[in-house]
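S.K.: got a structure for you, letters missing:
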């Protein structure tokens, strides 16, 4: 099973709203690398939910509930969306500053390619994040 990370600004779509909605489609991605990551996601895979620009921390875990399909926010067939549902809110969010200090996470896309909105997370990175989140 693959793991992922998606970013959302808390002023745009915070984790709390995601929990209230119970499910959402992840649309509006207009970066080819991020789009390719969306296309690769499989139903049941787990996704770290990261608050970007404000907060700068991983706040929860979501699950993929529907694999890639035509992005409803555009008629351009190049872009896709996936459906996500909240799985678990982290009792101990993991901040970007903690991630950057942890040598196990030095190669994580969140550190190396910070602007990428949908990123793969390796098994080792996932395990380190779960440890930092005290899960």
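M.R.: All right, it came through fine. Because the structure is predicted, anything quoted here is derived from the model rather than measured. Residues are numbered from 1 along each chain as shown.
S.K.: could you say what helices and strands the helix or strand where residue 50 lies packs with?
M.R.: Using DSSP states H and E, residue 50 maps to strand 46-51. Strand 46-51 is packed against strand 3-8, helix 15-21, strand 57-70, strand 80-95, helix 123-132, with contacts defined by 3 or more CB pairs under 8 Å, 6 or more residues apart in numbering; DSSP states H and E. To be clear about C-beta, it is placed using only N, CA and C from the backbone, and glycine gets the same treatment.
S.K.: got those as TSV, with mean neighbour count, distance to residue 37 and mean pLDDT columns?
M.R.: Formatted as TSV, the helices and strands packed on strand 46-51 follow (neighbours: other CB atoms under 10 Å; distance: least, CB to CB, whole Å; pLDDT from 0 to 100):
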stretch	mean neighbour count	distance to residue 37	mean pLDDT
strand 3-8	21	7	98
helix 15-21	14	19	98
strand 57-70	19	10	98
strand 80-95	18	10	98
helix 123-132	17	14	98
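S.K.: Adding distance to residue 51, write the ones you listed out as TSV.
M.R.: Listed next are these as TSV, based on distance: least, CB to CB, whole Å:
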stretch	distance to residue 51
strand 3-8	7
helix 15-21	7
strand 57-70	6
strand 80-95	8
helix 123-132	14
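S.K.: Between those, which one is closest to residue 34.
M.R.: strand 3-8 (8.9 Å; CB to CB).
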